[in-house]
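Novice: model this:
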Amino acid sequence: MGMKTLGWLLAASCAYTTPAAQADDTPELPTPNAVAPASLLSGDVQFRTNFVARGISQSQGQPSLQAELDYNSGDGVYGGVDGDSINWINQLYPGDDVSLEVDGWLGYRRHFGSGWSTKAGFVRIQFPGRYVQQSPPADQPNATEAFAYLAWNGLSTQLNYAVTNYVGTPDSKGTVHLDVSVSRPVGAAWTLGAELGRVAHTGHDPTTGLPNSRFDETDYKLSVACDLGSGMSLTLAHTWTSANPSTYTLNGYDLAGHHTWLSLEKDF
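Specialist: Numbers count the residues shown, from 1 in each chain. All right, here's what the predicted structure looks like:
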């Protein structure tokens, strides 16, 4: 498969990260026993041995850093911005110098009833940097998604809808990613989590006429988190997808294969 097609697929996996905390509001494992009081500003810093989003490695198995700032952790209008170090664009497109993904989101959140919460809004996924002309031409993988989220006592589901092309994939407006997750506390300091996602592409390749649905895939995640105290947590996660390995292999590394990785987080 051509390098341009691989680029679209890699970019498509990037619309991603945590609800109320990261880019596309995708649910992530919460810190055990964490209390979420309403605050005007909050955030976190993370070190990860591998940056995996929607089952696809964005750092090609290398360590990655993330910093995030959130506005309003309570009900009402909320928003935030984060930055993640990546390296797949530089590896895929010679001459490009793009090592950062910056995501910004704005939405409305509401808690109600016994353990229920919901939110909806928009997320912008941006890859700032220096791009050079490629042959064949390749679009910059910037995109916008709308999202809707519903959660109850550790169970959650979220739907992301691409209001632009799906992170650089031509003729893909309307592509969706559905995510379902569950988390359960175990003892005083541990939390177990599981997550299932599915991406369904729309449209056709304008050059070949092939349907983008050939890139549809399911992603899976299992995780365990430990509360270290003082706003620190450590998460061990294992992720994999149903994607064809030949489609997502870059420099001999299967970006969509089985990945086991650690994340050390400091909240503030």
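
Novice: can you count the residues close to Q133?
Specialist: Using other CB atoms under 10 Å, Q133 has 7 neighbouring residues. C-betas here are computed from N, CA, C, even on glycine.

Novice: can you pull out the low-pLDDT segments for the protein?
Specialist: Applying pLDDT under 70 to the chain flags the ranges 1-37.

Novice: the stretch 101-250 of the chain: helices as residue ranges?
Specialist: Along the stretch 101-250 of the chain, counting by DSSP state H, counting those that start in this stretch, helices occupy 245-248.

Novice: now the strands for it?
Specialist: Using DSSP state E, counting those that start in this stretch, the strands found in the stretch 101-250 of the chain span residues 116-126, 143-152, 155-162, 176-186, 190-200, 217-229, 232-241, 249-250.

Novice: assumed Q60 was part of a strand.
Specialist: No: using DSSP: H, G, I helix; E, B strand; the rest coil, the assignment for Q60 is coil, not a strand.

Novice: so what's it up against?
Specialist: N87, W88, Q91, L250, N251, Y253, L255 (CB atoms under 8 Å, 6 or more residues apart in numbering).

Novice: drop anything exposed from these.
Specialist: Burial by neighbour count, 16 or more other CB atoms under 10 Å: within the contacts of Q60 this picks out N87, W88, L250, L255.

Novice: thinking the first one is in contact with S59, fair?
Specialist: Yes: with contact defined as CB atoms under 8 Å, N87 reaches S59; the gap is 5.7 Å.

Novice: just to revisit the earlier point, tabulate the contacts of Q60 (TSV), appending secondary structure and distance to Y71.
Specialist: Formatted as TSV, the contacts of Q60 follow (DSSP: H, G, I helix; E, B strand; the rest coil; distance: CB to CB, whole Å):
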residue	secondary structure	distance to Y71
N87	coil	29
W88	helix	29
Q91	helix	34
L250	strand	36
N251	coil	39
Y253	strand	37
L255	coil	32
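
Novice: sorry, back to before: nearest to V52 among the buried ones among the contacts of Q60?
Specialist: Among those, L255 lies closest to V52 (CB to CB), at 8.9 Å.

Novice: for that closest one, give me phi and psi.
Specialist: Main-chain torsions, L255, degrees, to the nearest 10: phi -70, psi -30.

Novice: do you know how far it is from S57?
Specialist: 5 Å (CB to CB, to the nearest Å).

Novice: with adjacent residues omitted, what lies nearest to L262?
Specialist: T49 (4.8 Å; CB to CB, 6 or more residues apart in numbering).

Novice: much appreciated, bye for now.
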